[in-house]
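Visitor: Predicted model, plus sequence, below.
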Amino acid sequence: MKIRTRHIATSLVMAAAVAGCASLPGSAELDQITAQTVKASFRDEGWVKVDRLVQDDSNRECSAAEVAGKPLAPARAKAIEEANLKTVKWPSDGKFLGDWKAGEQIAQNGRGLTWTDTATAANGGNCYNCHQISKEEISFGTIGPSLYQYGKLRGVTDPNSAAAKPIVEYTWGKIWNAKAYNACSNMPRAGHAGILNEQQVKHIVALLLDPQSPVNK
């Protein structure tokens with residue numbers, strides 16, 4: 001959002017500069033104009049508040065790096081990943097897998113988090129918007145990698161075995177907070193951001209790892 005609104009703000013400033021023969025503002029001033037433009041363009045509506053526009057340090061640094069056209073320094077990227085890994089909440093009962101059938105429904109569902117929804121309504125994961133998951137669904141996005149045969153390709157035949165534990169934990173953590181493994185990941189931090197609750201994350205993990213899931217057939 002920062003990049004898009006900054007481009008809009010830049011275009012408006014450039015048009016004004018050309019019309020008035022004024023010099024273009026610097027980066028800091030453009031950031032200030034962008035922030036003012038964003039603040040003036042949104043309002044609280046229903047249960048959705050404008051505080052959603054407030055970036056945490058991870059998002060802020062990644063946005064700045066993208067604007068600058070330079071990747072984060074490796075040491076800084078690692079620090080961001082370590083900080084986000086600390087926010088991952090592991091399953092309270094120690095069980096990582098739920099029902100893959102429920103996981104498929106969540107993956108298909110893109111509803112939730114709009115001002116017309118309620119704060120207590122269950123959200124969808126909208127996973128197919130970015131990933132191929134099962135071969136039965138032919139409508140999917142390609143922003144993220146294909147997840148078809150996710151568990152099978154990783155040799156998970158028994159998700160409850162000690163051998164499968166590392167990939168099971170990684171899968172949970174990636175869904176909960178993707179920035180724990182890729183500092184500037186574009187994947188929504190489903191658990192960390194409150195998009196999905198613990199039980200829903202269990203269902204998505206089952207969809208990806210349960211040998212009976214169509215993902216692994």
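Guide: Yes, it's here.
Visitor: Flag the shaky bits of this structure, pLDDT-wise.
Guide: Flagging of the chain using pLDDT under 70 yields the residue ranges 1-22.
Visitor: change it to 80
Guide: Within the chain, the ranges that satisfy pLDDT under 80 run 1-24, 27-28, 31.
Visitor: That one: helices as residue ranges?
Guide: The residue ranges that make up the helices of the chain, judged by DSSP state H, are 2-20, 27-41, 57-68, 74-85, 100-108, 150-153, 165-176, 198-209.
Visitor: got CSV for these, with distance to residue 144 and mean neighbour count too?
Guide: C-beta here means a position set from N, CA and C on the backbone, and glycine is covered the same way. Rendered in CSV, the data for the helices of the chain read as follows (distance: least, CB to CB, whole Å; neighbours: other CB atoms under 10 Å):
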stretch, distance to residue 144, mean neighbour count
helix 2-20, 19, 13
helix 27-41, 26, 14
helix 57-68, 17, 16
helix 74-85, 18, 15
helix 100-108, 12, 21
helix 150-153, 12, 18
helix 165-176, 11, 19
helix 198-209, 13, 23
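Visitor: Reformat the ones you listed as CSV; add distance to residue 114.
Guide: What follows is these, written out as CSV (distance: least, CB to CB, whole Å):
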stretch, distance to residue 114
helix 2-20, 19
helix 27-41, 17
helix 57-68, 20
helix 74-85, 26
helix 100-108, 17
helix 150-153, 29
helix 165-176, 22
helix 198-209, 18
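Visitor: Minimum distance to residue 130: which of these has it?
Guide: If you check each of those against residue 130 by CB to CB, helix 100-108 wins as the nearest, at 10.4 Å.
Visitor: which residues touch the residue nearest the centre of the chain?
Guide: Averaging the C-alpha coordinates of the chain gives a centre point, and the residue nearest to it by CA atoms, centre = their mean is residue 188 (1.0 Å). Applying CB atoms under 8 Å, 6 or more residues apart in numbering to residue 188 gives the contacts 178, 195.
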